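[1] here are the coordinates; sequence isn't available:
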């Protein structure tokens, strides 16, 4: 019945249609040859993106695919795997898979000597006709791992920056009191020994304020690459930040800054990260080596480039690892002391600016890191120095002043310092008390802390704007919070004057002289019937 036909009415005109089973392929057609199973599996293995290698019971190579050979070189049969691929943890992985008798999948490993990262799967096998006992699948994940590490490092920097901002805000209040009260004491009739002590206290308080400000620079929003960048000032800031560490480790820092080096355009925050990392490496090289030495920091202008160098006289970098210091994950530091990403990140930052970074080192002769940045044209208006504040004679006009701060030591300082200048001073510890006093008294100047429990400075200022807009120009904000986005946004949008903590008594006096000039102009205008320029005197003073 092989030739049974069926009738179909599907448009064939009633003609009989052969059953499918009766159709035969034309004799001239040929089917493609089916590859032998071994050849087919080898073809599949060679098309894989993953490196694959089969091992015998002694961890010698039985077979490998092309991806393995591209990654690690040609693998001869019987060659030991560890001669080609031996990241930390591989031996434990093979033992675990052999003991379990089942695959152990996707274990992350790093080959520190090569600066590479892998994900490895080990699976026991028994291939007929061979002595293969273990199969490894290897993915090179260096790029994705590096990106993940950078994300983690950046998130840690953000967290550290936020913490530094909070700590700095808390430090600026006591520093204001220490600096201010020491300067108040210096105005008294004291003996020479006590005067020297008080001068030392004031000097160290100012130094602590600069250190806090340098720390806060790492918590501020990174500048864009188009910002005007003063390389010498940036390097000096980093040197000031690490000055104490160098001193206690018997490290002398020598600098040479070419006075002709021009300003350029760069992301200052990111470049300061580079300088800090290079300086830290130099410090560590000396402390881990001879224990004392010299770091030389140079800045020169060469044609259209700026060259910065950090040179230490430490033990140097061995030649066999010198070429790998910029590789991701490569580090000579002990476990827990470094991730091996520092110099790699520095290299990325410098290259993002169109520059270059390199290292020169000789055993027992020290190490030099050189950074070269292109000089990007800067408009003269951008590099023009801020004009010095106009000289203003101390005013003897008495002011009625309100000082508002939630820190008792700060309000005490303001009361005594301003009272000593002959002014009439009221103090308040919160925003609600300040508004009550403002409602009752016509103040010539209002010193207002930005961050306070309850009603903060911005809220008090908005109330003043609604109730007594004529007082807005008489407000001077004082704050130790210099990096908070809310603080910066408020200061910029409200166009207010800000005195940053810790401030000196001389800075405070100059601001009060500006308010006194504004008061004199108001009084003069009332006498003549003209409209006073209420902000002129204050603007001139607060430009400092």
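    Nice, thanks for sending it over. These figures come from a predicted structure and were not determined experimentally. Numbering: from 1, shown residues only.
[2] any stretches of the stretch 1-150 of the chain with poor pLDDT?
    Within the stretch 1-150 of the chain, the segments meeting pLDDT under 70 span 1-41, 112-113, 115, 127, 129, 145-150.
[3] could you redo the last one with a cut-off of 80?
    1-47, 74-76, 111-115, 126-130, 142-150 (pLDDT under 80).
[4] need the helices for it, in chain order.
    Here the stretch 1-150 of the chain has its helices, by DSSP state H, counting those that start in this stretch, at 37-47, 66-72, 90-100, 142-186.
[5] what packs against the shortest one?
    So that's helix 66-72. strand 51-55, strand 134-140 (3 or more C-beta pairs under 8 Å, 6 or more residues apart in numbering; DSSP states H and E). Just so you know, the C-beta spots here come from the backbone N, C-alpha and C atoms, and that holds for glycine as well.
[6] so which residues make contact with the shortest one?
    This points to strand 51-55. By C-beta atoms under 8 Å, 6 or more residues apart in numbering, the surrounding residues in contact with strand 51-55 are 45, 61-65, 67-68, 70-72, 75, 81, 85, 94, 125, 127, 130, 132-140.
[7] show me what contacts residue 468?
    residue 438.
[8] mind checking pLDDT for it?
    Looking at residue 468, its pLDDT is 88.
[9] could you identify the buried members of the contacts of strand 51-55?
    45, 61-65, 67-68, 71-72, 75, 81, 85, 94, 132-140 (16 or more other C-beta atoms under 10 Å).
[10] pLDDT score assigned to residue 536?
    40.
[11] correction: the previous question concerned residue 533.
    49.
[12] same check on residue 241?
    83.
[13] surely it touches residue 276?
    Yes: Residue 241 is in contact with residue 276 according to C-beta atoms under 8 Å; the separation is 7.3 Å.
[14] so what's residue 433 closest to, chain neighbours aside?
    With sequence-adjacent residues excluded and distances taken as C-beta to C-beta, 6 or more residues apart in numbering, residue 433 is closest to residue 404, at 7.8 Å.
[15] so where's the stretch 151-300 of the chain shaky on pLDDT?
    151-170, 210-227, 269, 289-291.
[16] ranges for the helices of it?
    Counting by DSSP H, counting those that start in this stretch, the helices of the stretch 151-300 of the chain are 192-216, 231-241, 243-248, 268-287.
[17] which elements pack onto the shortest one?
    Based on contacts counted as 3+ C-beta pairs under 8 Å, 6+ apart, the elements that helix 243-248 packs against are strand 251-257.
[18] residue 455 in helix, strand or coil?
    coil (DSSP: H, G, I helix; E, B strand; the rest coil).
[19] how much space between it and residue 436?
    11 Å (C-beta to C-beta, to the nearest Å).
[20] the two: who's more crowded?
    residue 455 (17 against 11; other C-beta atoms under 10 Å).
[21] nearest residue to the more buried one other than its sequence neighbours?
    residue 431 (2.6 Å).
[22] got the contact list for the one you found?
    404, 452, 454-457, 459-460.
[23] same thing but at 6 Å, please
    Going by C-beta atoms under 6 Å, 6 or more residues apart in numbering, residue 431 touches 452, 454-455, 460.
[24] picking up where we left off before, out of the helices and strands packed on helix 66-72, nearest to residue 293?
    Nearest of the helices and strands packed on helix 66-72 to residue 293, taken as C-beta to C-beta: strand 134-140 at 40.0 Å.
[25] what's the burial count for residue 95?
    12.
[26] residue 499 too?
    Neighbour tally, residue 499, other C-beta under 10 Å: 17.
[27] doesn't residue 398 belong to a helix?
    No: assessed with three-state DSSP, residue 398 is coil; it does not lie in a helix.
[28] going by neighbour count, list what's buried in stretch 241-253.
    241-242, 246, 251, 253.
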